[in-house]
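Quick one: sequence and predicted model below, then my questions.
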Amino acid sequence: MCGIVGYIGRRDAVGIALKGLKRLEYRGYDSAGIASCDAKGVVFLEKSPGKIASLERKLKHIPPSILAIGHTRWATHGEPNFENAHPHADCKNEIFIAHNGIIENHETIRAALTQEGHSFRSRTDSEVVAHLVERERASASTLEEAVTRALSYVEGTFGLAVISAREPKKLIGARRGSPLLVGLGKKEYLLASDAAAIIGRTRRVIYLDDNEMAVFTPSSKKIFTLAHSPSGAHKEIEKDVRTIDWTVEDSQKEGFGSFMEKEIFEAPLVIENALRGHVLAKAGEVKFGGLDMMRDRLSQTNRVIFVGCGTSHYASLVGKYFFETFARLPAEAVLASEFRYQPPVMDGKTAVFAISQSGETADTLEAVREAKRKGALTLGIVNVVGSSIAREVQAGVYNHAGPEIAVASTKAFISQLCVLALSAIYFGRLRKTLAALEASAVLSELLSYPARARRLLTDARSDVDRAAEAYHKVDHFFFLGRRYNWPVALEGALKLKEISYIHAEGYAAGEMKHGPLALVNAGFPAFMVIPRDSVYEKTVSNIQELKARGAKIIALATEGDDAIAKLADHVIRIPKLREELSPILSVIPLQLFAHRAAVLRGCDVDRPRNLAKSVTVE
Ligand code: AGP
């Protein structure tokens, strides 16, 4: 997704903005730019398609400045080139803006402004904001007044940074539907679309909410609500200051070849963090401060709907099984992008859980808003503290999995499964549909998972590498599983396709004979997730179906299951696990396999083509 950085203060504004953009590279982009202003109001603008390194070479001539805004663009309107790169300027090259989001009525605005004599340089929706501010600035008394008026014409979403040569000591940020946070330094202020851009300078932040605007000078910071109409006024408000709980070091690779590899190997720590402070194994109880404050409402819940996208949706599919098994609650997992257009029937007794690592996925955020409009209780399982979804749900639980930098989600998925399992047990105990003894047994098994994950990461590595060596050149792959491990198969397929670009399909193993089997010919590779569980025999017959057509089988099987070695071409072992909880660890070898295959194919593992870490546009 696009990235925004802004700086005002006594230091090298351009250098700080550039450093911030580099920290946002992981989010995916195709062009970048920086606009700056010196104390006399002389502005400099440099933009470049491609990587930030080519922008950096162009910045060398820019003199020291106190004010700068930077942007990394992931194209939504207009191809990735110089003209379409941000920051965009007004007609007179006095006002500069960097924008994240989508201006839905940009064509109408562009036509009206063109009619009024404005000339446009790009094909982007964003550029209209620069010209709107220019037009409003003619009659407004301050830049912030011009910005708030201009934004009252905008339909759609924005995370925005604005500077002007006429007010070279002012930095403005505004937000509606696309994340933007304020960094509070020592006599310096920063703007960013993602905390990773500024944690090197400050960990004290303010998260702007929708329709809020921040106005900085080198010695002052004010936050306003945006005016609702061109004649409306922006009103000053107070906001909480939060402290980011991870440092730059956290987000470094710590010796691993990629963020993705580092994050896969964080699984033991992530499980510990997900369980920490919530598990009373002996008593068979789960403590959730974020949910305890609404126990009465929760005890009336008679249905759960999970909303999420991608990996978070697959976690939701496991969550459905958890809630139906441990809480005996009817549950369904709905793709957020579908939920909001055909919202299921719901009421005050429906709990809608939003599952999101970033907490900024537009479809999931809109699904939360739709659920609230329908009177459902909205809960969140989110990793990024203070993110939009975390702030818009009525209650929830943070994963505390630390920053997940790689575009491919790995540790967050495992953390989501742990929190979902705890949540299901919490509901089961609250509704008295889960006995304390049973809950205690499940919780005790969960507490053993960090150590078992650590052992699995070591034990499985060589078998995974052997399988990746054998199959990294193929064009197609099946990932198959049943029951709790069907979502694991879906997730394994997503991991492989999104970072190695091998076409991979995840399927319920029982579905093969209903069509997909037609694809299988000699040498067709299939990953079969086949722990010793209640559907083991059925899954063995699926392997036989595939083998009869010449398929190659990589079996993810329970240690000690020797029979499987006679059937499969490769065997990767996982420990003996409680069936319901097995996805928490069975996904790890699939993550390792996808990572290894992508490395062997020379892919950019952390920043796969066409993808972004957080999809903040619909
Ligand atoms: C997962 O590897 C992908 N990066 C993607 O499917 C991701 O899970 C999805 O975009 C949802 O993101 P979220 O969890 O931040 O909402």
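Structure received.

In contact with the residue of the stretch 251-400 of the chain found nearest the ligand: list those residues for me.
Going by CB to the nearest ligand atom, the ligand is nearest to G310 of the stretch 251-400 of the chain, at 1.8 Å. C-beta coordinates here come from the backbone N, C-alpha and C atoms, glycine included. Residues in contact with G310 (CB atoms under 8 Å, 6 or more residues apart in numbering) are S409, L494.

Quick one: check stretch 589-609 for contact with the ligand.
No - judged by CB under 6 Å from any ligand atom, stretch 589-609 makes no contact with the ligand; its nearest approach is 8.6 Å.

Between the two ends of that stretch, how far is it?
The first and last residues of stretch 589-609 sit 23 Å apart, counting by CA to CA, to the nearest Å.

Measure how far that stretch is from the centre of its chain, please.
Computed by CA atoms, centre = their mean, to the nearest Å, the chain-centroid distance of stretch 589-609 equals 19 Å.

cool, stretch 572-585 as well?
With CA atoms, centre = their mean, you get 26 Å for stretch 572-585.

Stretch 65-72 now?
Taking mean C-alpha positions (CA atoms, centre = their mean), stretch 65-72 and its chain are 25 Å apart.

Over to stretch 199-217?
For stretch 199-217 - counting by CA atoms, centre = their mean - the centre lies 20 Å from the chain centre.

same question, stretch 64-75
Relative to where its chain is centred, stretch 64-75 has its mean C-alpha point 23 Å off (CA atoms, centre = their mean).

is the ligand contacted by it?
No - shown here: stretch 64-75 not in contact with the ligand (CB under 6 Å from any ligand atom), separated by at least 12.9 Å.

buried stuff in that stretch?
S65, I66, L67, A68, I69, G70, H71, T72, R73, W74, A75 (16 or more other CB atoms under 10 Å).

Next, format these as CSV and append secondary structure and pLDDT.
Shown next, in CSV, are the buried residues of stretch 64-75 (DSSP: H, G, I helix; E, B strand; the rest coil; pLDDT from 0 to 100):
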residue, secondary structure, pLDDT
S65, coil, 91
I66, coil, 92
L67, strand, 96
A68, strand, 97
I69, strand, 98
G70, strand, 97
H71, strand, 97
T72, strand, 93
R73, strand, 86
W74, coil, 73
A75, coil, 66
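
Tell me which two of these sit farthest apart.
I66 and A75 (30.9 Å; CB to CB).

which SS class is T301?
coil (DSSP: H, G, I helix; E, B strand; the rest coil).

what helix or strand does the nearest residue to it once chain neighbours are set aside sit in?
Once flanking residues are discounted, T301 sits nearest to A351: 4.5 Å by CB to CB, 6 or more residues apart in numbering. In this structure, A351 sits in strand 350-356 according to DSSP states H and E.

go on, E107?
helix 106-115.

How far does that helix sit from its chain's centre?
With CA atoms, centre = their mean, you get 33 Å for helix 106-115.

check which helix or strand covers whichever residue of the stretch 451-600 of the chain sits closest to the ligand.
Using CB to the nearest ligand atom, the single residue of the stretch 451-600 of the chain nearest to the ligand is E498, 5.7 Å away. Per DSSP H and E, E498 falls inside helix 486-500.

Which strands or helices does the helix holding E107 pack on?
Identification of packing neighbours for helix 106-115 by 3 or more CB pairs under 8 Å, 6 or more residues apart in numbering; DSSP states H and E yields helix 127-137.

burial measure for the nearest residue to P63 once chain neighbours are set aside, as a count.
Nearest non-adjacent residue to P63, counting by CB to CB, 6+ apart: D38, 6.0 Å away. Here the number of neighbours of D38 (other CB atoms under 10 Å) works out to 17.

likewise L600?
Neighbours of L600 under the rule other CB under 10 Å: 15.

Nearest spatial neighbour of it, chain-adjacent residues omitted?
Closest to L600 by CB to CB, 6+ apart is H472, at 4.1 Å.

Verify the contact between the one you found and R601 for me.
Yes - at 5.6 Å, H472 counts as touching R601 under the criterion of CB atoms under 8 Å.

ok, the two, which is more surrounded?
Between H472 and R601, counting by other CB under 10 Å, H472 is the more crowded of the two (19 against 15).

Pretty sure the residue nearest to T301 sits against N302.
No - contact criterion CB under 8 Å: A351 and N302 do not qualify, at 9.0 Å.

Those two: which has the busier surroundings?
A351 (29 against 12).

Just list whatever residues bridge to that one.
V304, L377 (DSSP bridges).

returning to that earlier point: looking at the buried residues of stretch 64-75, spot the one nearest I584.
The closest of the buried residues of stretch 64-75, once distances to I584 are taken by CB to CB, is W74, at 32.1 Å.

Tell me the spacing between that closest one and V587.
As for W74, its distance to V587 is 28 Å (criterion: CB to CB, to the nearest Å).

next one: I199
29 Å.

Kindly report the same for H106.
41 Å.

Could you do Y426 as well?
From Y426 to V587 the distance is 23 Å (CB to CB).

Next: E155.
Distance from E155 to V587, by CB to CB: 41 Å.

before we move on, back to that, now do the contacts for the residue of the stretch 451-600 of the chain closest to the ligand.
Here E498 is in contact with V407, A408, P608, L611 (CB under 8 Å, 6+ apart).

what about 10 Å?
Taking CB atoms under 10 Å, 6 or more residues apart in numbering as the contact definition, E498 lies against 310-311, 407-409, 504, 594, 598, 603, 608-611.

do G380 as well
G380 touches 290, 352-356, 359, 364, 368, 387, 389-398, counting by CB under 10 Å, 6+ apart.

swap in V535?
Contacts of V535 (CB under 10 Å, 6+ apart): G481, R482, R483, Y484, N485, W486, A509, G510, N542, E579.

Just give the nearest non-adjacent residue to the residue nearest the centre of the chain, would you?
Nearest to the mean C-alpha position of the chain, counting by CA atoms, centre = their mean, stands S358 at 3.3 Å. Sequence neighbours aside, S614 is the residue nearest to S358 in space, at 3.8 Å (criterion: CB to CB, 6+ apart).

do the same with F224
H234 is the one closest to F224 (CB to CB, 6+ apart), at 4.0 Å.

ok, how many other residues are close to the one you found?
When neighbours are counted by other CB under 10 Å, H234 comes out with 25.

Hmm, it is touching A227, no?
Yes - between H234 and A227 a contact is recorded at 5.1 Å, counting by CB atoms under 10 Å.

Could you tell me how far D90 is located from I34?
For D90, the distance to I34 - CB to CB - is 17 Å.

Neighbour count: these two, which is higher?
Between D90 and I34, counted using other CB under 10 Å, I34 has the larger neighbour count: 32 against 22.

Which residues are in contact with the closest residue to the more buried one other than its chain neighbours?
Leaving aside its sequence neighbours, I34 sits nearest to G70 (CB to CB, 6+ apart; 4.3 Å). Shown in contact with G70 (CB under 10 Å, 6+ apart): 3-7, 13-14, 16-22, 24, 32-36, 46, 52, 55, 59, 86-87, 98, 161, 191-192, 197.

and what of A130?
86-91, 93-99, 113, 118, 120-122, 150, 162.

now, which of those lie within helices?
L113, A150 (DSSP state H).

ok, of the contacts of A130, which come out buried?
For the contacts of A130, buried by 16+ other CB under 10 Å: 86-91, 94-99, 113, 118, 120, 122, 150, 162.

Now do K222 against I69, distance only.
18 Å.

thinking again about what came up before, my guess is the residue nearest to P63 meets I163, correct?
No - at 11.5 Å, D38 does not count as touching I163 under the criterion of CB under 10 Å.
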